[in-house]
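**Q** Sequence plus predicted model, see below.
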Amino acid sequence: MRSKKLLTVTLLSLFFYAFPVAVIAAPLITPLIKIGDTTIVRNKICQHLNVFCNDDNGYSVYKLKGSDSDFYLMDKSHNLIEVNVVDENYKKVNQWNFGSYHHSNESIDNSDDILSRVGYEIYPAIYPIGKNDKTIALVYKWFTGYAGGGRENDYADFLTLEKNGKFNVAFQNILFYQSEIMRACFTDSDYKKHSHCQDESWSILNIHIIDDGEQYYKWKLLTKSYEWPSFEDKEKTKVEINSETVIPFQQK
């Protein structure tokens, strides 16, 4: 199988809005970089906040890329803590609990599908929807495995990060990642004849953010889909791109 699926998602490339004449550079989606459990800053943050930090059943600590003072803690119960660190001063800025949130995919009837519910997790990145407004993605995973392959569908709800632990739904049910691998070789002879013995397909979401001077940014959702047939060289992979522009809180 491919490396960790969610981490294969491409966060953002620059997009320029060419009208009116003044060109505004697109705001960036900012990754959260996981900090190793032996680092001093990680241990000090956990100590000052008096929280248990452990990747299995406690908090994991992330650093906002490009910043030396902004950190986030998250656990498997869908808690998120924002921390600011300046000159050995550790300040909890905000905390959100998404454990009781009902993801848009929870109510979907999949009785006619082979996919099973895995649940959702917080994706480590901050997504801007306005000059002073940001969101986090809660990604719901569906999966099934079968001999020689498997299938996964991931859908994201984007929730605003507001003061006092409040949040609202900015976007929901956005295809975040999709993949399928099916075995096409079944005998020793098949494997000797062919170097690529699987039918593979996958889709990856790219988000281009457009600042046109309005209260909320527009998001251009580019879903790039790949299809690599069995018994073919990788150069024969087919690529299809679908595009949709959406505005926060106005999703149809």
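**A** All right, it came through fine.
**Q** May I see the buried residues of the helix or strand containing Glu82?
**A** Using DSSP states H and E, Glu82 falls within strand 79-86. Buried positions in strand 79-86, judged by neighbour count with 16 or more other CB atoms under 10 Å: 79-83, 85. Using the backbone N, CA and C atoms, a C-beta is placed for each residue, glycine as well.
**Q** If the residue nearest to the spatial centre of the chain is in a bridge, with which residues?
**A** In the chain, the residue lying closest to the centroid (CA atoms, centre = their mean) is Tyr123, at 4.4 Å. Beta bridges link Tyr123 to Ala137, judged by DSSP bridges.
**Q** Assign the residue nearest to Pro229 when sequence neighbours are not counted to helix, strand or coil.
**A** Ranked by CB to CB, 6 or more residues apart in numbering and with sequence neighbours excluded, the top spatial neighbour of Pro229 is Asp199, at 6.0 Å. Classification of Asp199 by DSSP: H, G, I helix; E, B strand; the rest coil places it in strand.
**Q** wait, Asp199 sits on Ser179?
**A** No. Judged on CB atoms under 8 Å, Asp199 makes no contact with Ser179 at a distance of 11.6 Å.
**Q** Neighbour count for these two, which is higher?
**A** The residue with more neighbours, out of Asp199 and Ser179, is Ser179; 21 against 17, by other CB atoms under 10 Å.
**Q** re earlier: starting at the chain centroid, how far to the strand holding Glu82?
**A** 20 Å (CA atoms, centre = their mean, to the nearest Å).
**Q** Against which helices or strands is it packed?
**A** Secondary-structure packing of strand 79-86 (3 or more CB pairs under 8 Å, 6 or more residues apart in numbering; DSSP states H and E): helix 40-49, strand 70-74, strand 89-97.
**Q** these two touch, right, Ile33 and Tyr62?
**A** Yes. Counting by CB under 8 Å, Ile33 does reach Tyr62; the two are 6.2 Å apart.
**Q** anything in contact with each of those two?
**A** Contact criterion CB atoms under 8 Å, 6 or more residues apart in numbering; residues shared by Ile33 and Tyr62: Pro124.
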